[in-house]
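Asker: how does the following fold in three dimensions:
(one chain, ligands or ions: 1)
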Amino acid sequence: MYDVIVVGSGPAGITAAIYAKRRNLSVLIISKGGGTLDNVKIIENYYGFPKGISGKQLYTNGLKQADNLGIEIIKDEVLNIKKQNNFEIETVNSKYETKTVILATGTSRNTPNIKGIKEFEGKGVSYCAVCDAFFYKGKDVAVLGNGNYAIHELQELEPVVNSVTVFTNGEPIVENRDENINVNTKKIREFRGDNKLQEVEFEDNTKQPINGVFIAMGTASSNDLARKIGARIENNSIVVNKNMETTVTGLFACGDCTGGLLQISKAVYEGTKAGLAVLK
Ligand SMILES: Cc1cc2nc3c(=O)[nH]c(=O)nc-3n(C[C@H](O)[C@H](O)[C@H](O)COP(=O)(O)OP(=O)(O)OC[C@H]3O[C@@H](n4cnc5c(N)ncnc54)[C@H](O)[C@@H]3O)c2cc1C
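Answerer: Residues are numbered from 1 along each chain as shown. Model (predicted):
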C-alpha cells in the first residue's frame with residue numbers, strides 16, 4: 001500500500017512525486033513513458049535554459065531527479081482506477097493499492113490522418129498555439145478541430161494573427177461557440193507547400209492559402225481515468241479546486257489534464273500544489 005501513486009511522468013507528475021517524497025510519503029510513479037515532451041524538439045520559454053532544451057532531455061532529467069530521490073517508477077499503462085476505502089489502480093501488468101492518487105496524464109493531442117501534416121510539422125503545422133502563435137504574427141492561420149480545445153486555441157491565436165479559420169474536416173463544430181468565428185467544415189484532402197505550408201486543398205477541389213495550421217483535435221482519452229471513477233469533467237478537462245483536488249476525495253489532478261494553459265511552467269506549478277496537498 002502506497003501513500004500516493006502518481007500516474008504520469010511528465011513535468012506535472014515528476015514534480016508532484018518529488019514534493020510528496022520530500023515530505024516522507026511512500027510514492028510510486030506509474031507511467032507509459034515520455035508523453036508530450038517526446039514530441040517537443042526545443043523548449044525556449046522555460047526558466048533556466050538560456051540555450052533552450054529538448055523535450056526528450058528535459059524528460060530524462062526529470063526521471064533522473066526522481067530516481068535520485070529514491071522514488072519508485074514503473075513503466076506500465078494504467079487502465080482503470082477504483083475506489084473502495086483506498087484506491088486500486090489496475091495496469092496492463094498488475095494491480096496496486098494506494099491511499100491517494102495524483103493524475104498527471106497530460107492531454108491527448110490526436111493527429112488526424114491527412115496528407116502533409118507530418119511533413120510540415122515545425123514548418124507550418126503546430127500543436128501549441130500559446131507556444132507558436134508569435135511565429136505567425138499578422139499571418140493567416142487555421143485551427144484543425146471541432147471541439148472546445150479548438151476554440152481555446154483559436155482564442156490564443158486571434159490577438160496575434162491576421163485571421164483564423166477553424167477547419168473541422170467534415171465534422172460538426174461544437175455548439176456553444178461565438179457566432180463570429182470563421183468555420184470551414186469541408187473535408188480536407190491535403191496540406192501543401194514547398195518548404196513551408198502554403199495552402200490547404202479540400203475534397204471538393206477548392207483551395208485556401210494558409211501560413212499555419214494548429215492541430216487541436218480534442219479527445220476525452222486523457223480524462224477517461226477520471227471519468228471512470230466519477231470525477232467531474234468540464235470542457236474536456238478534469239475539474240480541480242485550488243489544492244488540485246478533484247471532486248473525488250483523495251484523487252488529485254495536475255498539469256495539462258486540468259486544462260487552461262498547456263505549458264510546462266503551469267504543469268510544474270500544479271504538480272507542486274498536488275504533491276504538497278496529498279499530505280493533508
Ligand atoms: C509540439 C509541442 C511543443 C510544445 N512546446 C512547449 C514549449 O515550448 N514550452 C512549454 O512550456 N510547453 C510546450 N509544450 C507543452 C508541454 O509539453 C506540456 O504542457 C507539458 O508536457 C505538460 O506536462 P504534463 O506533465 O501535464 O503532461 P505530459 O508531459 O503529457 O505527461 C503525461 C504523462 O502521463 C503518462 N500517461 C498518460 N496516460 C497514461 C496512462 N493511461 N497510464 C500511464 N501513464 C500515462 C504519459 O506517458 C506521460 O508520462 C509543447 C507541447 C507540444 C505538443
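Asker: low-scoring stretches of the chain, by residue?
Answerer: For the chain, applying pLDDT under 70 flags the ranges 108-111, 175-177, 218-224, 227.
Asker: which helix or strand contains the residue of the stretch 101-250 of the chain found nearest the ligand?
Answerer: Residue of the stretch 101-250 of the chain nearest the ligand, by CB to the nearest ligand atom: G106 (2.3 Å). Every residue, glycine included, has its C-beta placed from N, CA and C. Counting by DSSP states H and E, no helix or strand carries G106.
Asker: contact partners for it?
Answerer: 8, 10, 12, 35-36, 222, 255-257 (CB atoms under 8 Å, 6 or more residues apart in numbering).
Asker: ok, which of those residues also contact the ligand?
Answerer: Near the ligand, judged by CB under 6 Å from any ligand atom, the entries from the contacts of G106 are 8, 10, 12, 35-36, 255-256.
Asker: what residues does the stretch 101-250 of the chain put near the ligand?
Answerer: So far as CB under 6 Å from any ligand atom goes, the stretch 101-250 of the chain lies against the ligand at 104-106, 109, 127-128, 131.
Asker: can you give the domain ranges for this structure?
Answerer: The record assigns the chain these domain ranges, following automatic domain parsing: 2-108+219-277, 110-217.
Asker: just the terminal-to-terminal distance for the first one.
Answerer: Translated: domain 2-108+219-277. 16 Å (CA to CA, to the nearest Å).
Asker: so how far is it from its chain's centroid?
Answerer: 11 Å (CA atoms, centre = their mean, to the nearest Å).
Asker: kindly report the same for stretch 193-203.
Answerer: 26 Å.
Asker: which residues touch that stretch?
Answerer: In contact with stretch 193-203 (CB under 8 Å, 6+ apart) are residues 116, 120, 123-125, 142, 167, 184, 186-192, 207-213.
Asker: good, we can wrap up now.
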